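Undergrad: Predicted structure and sequence below. I'll ask about it afterward.
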Amino acid sequence: MTVRVRFAPSPTGQVHIGNIRTAIFNWLYVRHEGGKFLLRVEDTDRERSTPEALKTVIDALDWLGLDRDEEAMFQSARCDAHLEAAETLLSKGLAYKEDKGKTGKGECIIFRMPGDDMTYHDEVKGDLKKEGKDLKDFVIVRSDGSPVFHLANVIDDIEMNITLIMRGDDHVENTFRHIALYRALGAEIPQYAHLPMIVNAQGKPYSKRDGAAFIGEFRENGYMADALFNYLALLGWSPGGDRELLSRQEMIELFTLDRVRSASSQMDVKKLGFLNGLHLAEQPLNKFMEQVCEANDALEWMNQADPGMFRKVCELLQSRTKTYNQAAEWKYFFVDDIDYAEKAVRKVLKKEDRSGALELLASRMAQLDFSAENIEHAIRATEKEVELGEGKLNQPTRVAITGLATGAGVYETAALLGKERVVARLLYAARELCV
RNA sequence: GCGCCCAUCGUCUAUCGGUUUAGGACACCAGGUUUUCAUCCUGGUAAGCGGGGUUCGACUCCCCGUGGGCGCGCCA
């Protein structure tokens, strides 16, 4: 029998990293096994399940490359099937009607737990058992006639022929109920695998209060899909050995459930950032450029940037970029009116007056055949002339021509900027900023 | 309260009873390279929650304790 797994989100808003991590593990597992990855939209909450929320889910899956193998199932369309199953259980005496008096709407349908002790094997947590006395009957159809999660979930998993259910471990206790339902319905019981939670520094479930928690936020913050995928895959799973930077293909080959941990793990944004830098640097230049543009499409100057120049800037800065959003700093390459980082100006230009040196440098630069090598010589010569130590004029030059204290190599940066801009900025800095 | 689950450096993890002075990565610290910036390189600090067993031998198995998480809805 071919392996079939599903990702079953409720489209009620943003997609949490814990949820998407569950999707990633399901996907990795099924791609490793050569089975089918399916999507079931649990949209029974008609109030909160909006088309926008559904689109958010789809976008998140697509962004991360979690491709599905069949059309999605919508739970809201399955109500009749759920109710029919409830009737079957009722007719077999496996469920009963009762007015628990909580809603004032009359009787609901309650599933009768067999009362036996139950055990099942969890693919990540091992053998789990629960005593019969702790397994209580539960409502499967509300008194208003709507099916409850447990029923809908199981019926749909049966319909979709799901062979392994991988989900968050907050569902561990539900599993006993679900298995009882499977048995009552005479369906083959799937395998189960429960994934530990992603927690914050306090050990509590990681939430938006702890930082970026939704997949859309990471995307907006300039992270790469491959890096987030890699990072999240490593949260609770390890291929063994010392491997961390992994391609999707490698992860597929290496992914097995017996290497999934059953202890919760803490989100570490710094490590994600590190991994992101690695993945970013590995990209082909064209791909990198494309992504930078996409991530910064709100920046007017970038949209209007000369393509040739933009390419050169990307080439120069790719290796030192951690997130796509950092490209917002590259503005000084493309506009005449640049922003100066106040702190850099104060520390590098004002603290010790470099106006004379910069003025002199500007006049030397103006005569130059403008190559990185010649620029370096010009800076060296200027330092000598004004009796500054070697290298002392590098930072002032950088701040003067870029407005920032960090960037690519200053000679290359100046060369790329072009003589006209460099000279103008040096003069401006010497006359206006050094005082 | 009851039930279930979990427990290795600050963090993510390796270790599937013995090749271990517990390895790697992030972070941090110190040097070096870069006559600048970012990288990069080298080194360092840093862990088996406590107590009992089992065993020739335990981080690894068992029990108790402690701590944390989850569950106990006509939510999903």
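TA: Yep, that arrived.
Undergrad: and the residue of chain A found nearest RNA strand B, how many neighbours?
TA: Of all residues in chain A, the one sitting closest to RNA strand B is residue A:391 (2.0 Å; CB to the nearest atom of the strand). In this view, the C-beta of every residue, glycine as well, is placed from N, C-alpha and C. By the criterion of other CB atoms under 10 Å, residue A:391 has 10 neighbours.
Undergrad: Would you mind naming the helix or strand containing it?
TA: Here residue A:391 is covered by no helix or strand, with elements defined by DSSP states H and E.
Undergrad: What part of chain A, helix or strand, is modelled with the least confidence?
TA: None of the helices or strands of chain A scores lower by mean pLDDT, DSSP states H and E than helix A:342-344, at a mean of 86.
Undergrad: Now do that one: which elements does it pack against?
TA: Where contact means 3 or more CB pairs under 8 Å, 6 or more residues apart in numbering; DSSP states H and E, helix A:342-344 is not packed against any helix or strand.
Undergrad: surely residue A:114 meets residue A:133?
TA: No: counting by CB atoms under 8 Å, residue A:133 is not a contact partner of residue A:114; they are 12.0 Å apart.
Undergrad: Pick out whichever of the two has more residues nearby.
TA: Per other CB under 10 Å, whichever of residue A:114 and residue A:133 has more neighbours is residue A:114, with 12 against 8.
Undergrad: contacting residues for the nearest residue in space to that one that is not next to it in sequence?
TA: Leaving aside its sequence neighbours, residue A:114 sits nearest to residue A:180 (CB to CB, 6 or more residues apart in numbering; 6.3 Å). Each residue near residue A:180 by CB atoms under 8 Å, 6 or more residues apart in numbering is listed here: A:111, A:113, A:114, A:118, A:135.
Undergrad: Of these - the most surrounded one?
TA: The residue in those with the most neighbours, by other CB under 10 Å, is residue A:111 (23 neighbours).
Undergrad: per-residue confidence for that residue?
TA: As predicted, residue A:111 sits at a pLDDT of 97.
Undergrad: got it, and residue A:242?
TA: For residue A:242, the model assigns a pLDDT of 85.
Undergrad: Please apply the same query to the one 3 residues further on.
TA: pLDDT recorded at residue A:245 is 92.
Undergrad: Stretch A:80-89 near RNA strand B at all?
TA: No: for a cut-off given as CB under 7 Å from any atom of the strand, stretch A:80-89 has no contacts with RNA strand B; the smallest distance is 11.0 Å.
Undergrad: hmm, back to that, next, the buried residues of the least confident helix or strand of chain A.
TA: Of the residues in helix A:342-344, residue A:344 count as buried by neighbour count, 16 or more other CB atoms under 10 Å.
Undergrad: what about the next helix or strand after it, distance to the chain center?
TA: On the C-terminal side of helix A:342-344, the closest following helix or strand by DSSP H and E is helix A:355-366. Using CA atoms, centre = their mean, to the nearest Å, the mean C-alpha position of helix A:355-366 is found 47 Å from that of the whole chain.
Undergrad: other SSEs contacting helix A:355-366?
TA: So helix A:355-366, by 3+ CB pairs under 8 Å, 6+ apart, packs with helix A:372-385, helix A:394-402, helix A:419-428.
Undergrad: coming back round to it: and the contacts of residue A:180, which two are furthest apart?
TA: Maximum pairwise distance among these (CB to CB): 13.9 Å, between A:111 and A:118.
Undergrad: tell me the average confidence for the helix or strand hosting residue A:302?
TA: Using DSSP H and E, the element containing residue A:302 is helix A:300-303. Computed over helix A:300-303, the mean pLDDT rounds to 93.
Undergrad: Alpha carbons of it, in PDB - could you do that?
TA: Extracted in PDB, the C-alpha atoms of helix A:300-303 (Å, rounded to 0.1, in the frame of the first residue of the first chain):
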ATOM      1  CA  GLU A 300      11.200  52.900  -5.200                       C
ATOM      2  CA  TRP A 301      14.900  53.400  -5.900                       C
ATOM      3  CA  MET A 302      15.500  49.600  -6.300                       C
ATOM      4  CA  ASN A 303      12.600  49.300  -8.800                       C
END
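Undergrad: that older thread, roughly how far does the residue of chain A closest to RNA strand B sit from residue A:376?
TA: Counting by CB to CB, to the nearest Å, the gap from residue A:391 to residue A:376 is 11 Å.
Undergrad: go on, residue A:110?
TA: Per CB to CB, residue A:110 is found 82 Å from residue A:376.
Undergrad: Compare neighbour counts for the two and give me the winner.
TA: Set residue A:110 next to residue A:376 and count neighbours by other CB under 10 Å: residue A:110 wins out with 21 against 17.
Undergrad: Show the contacting residues for that one.
TA: Contacts of residue A:110 (CB under 8 Å, 6+ apart): A:95, A:96, A:97, A:98, A:137, A:138, A:139, A:140.
Undergrad: For stretch A:396-410, output the C-alpha coordinates as CSV.
TA: Below are the C-alpha coordinates for stretch A:396-410, written out as CSV (Å, rounded to 0.1, in the frame of the first residue of the first chain):
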residue,chain,number,x,y,z
PRO,A,396,36.3,58.1,6.7
THR,A,397,36.2,57.5,3.0
ARG,A,398,33.7,54.8,3.4
VAL,A,399,31.4,56.9,5.5
ALA,A,400,31.8,59.8,3.2
ILE,A,401,30.8,57.9,0.1
THR,A,402,28.3,55.5,1.5
GLY,A,403,27.0,57.1,4.6
LEU,A,404,27.5,53.8,6.5
ALA,A,405,30.2,52.3,8.6
THR,A,406,29.9,48.8,7.0
GLY,A,407,29.7,47.5,3.5
ALA,A,408,31.8,45.8,0.9
GLY,A,409,35.5,46.6,0.4
VAL,A,410,35.8,50.4,0.2
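Undergrad: quick one: it to chain centroid distance?
TA: Centroid separation between stretch A:396-410 and its chain, computed with CA atoms, centre = their mean, is 32 Å.
Undergrad: do it and RNA strand B meet at all?
TA: Yes: counting by CB under 7 Å from any atom of the strand, contacts between stretch A:396-410 and RNA strand B involve A:398, A:405, A:406, A:407, A:408, A:409, A:410.
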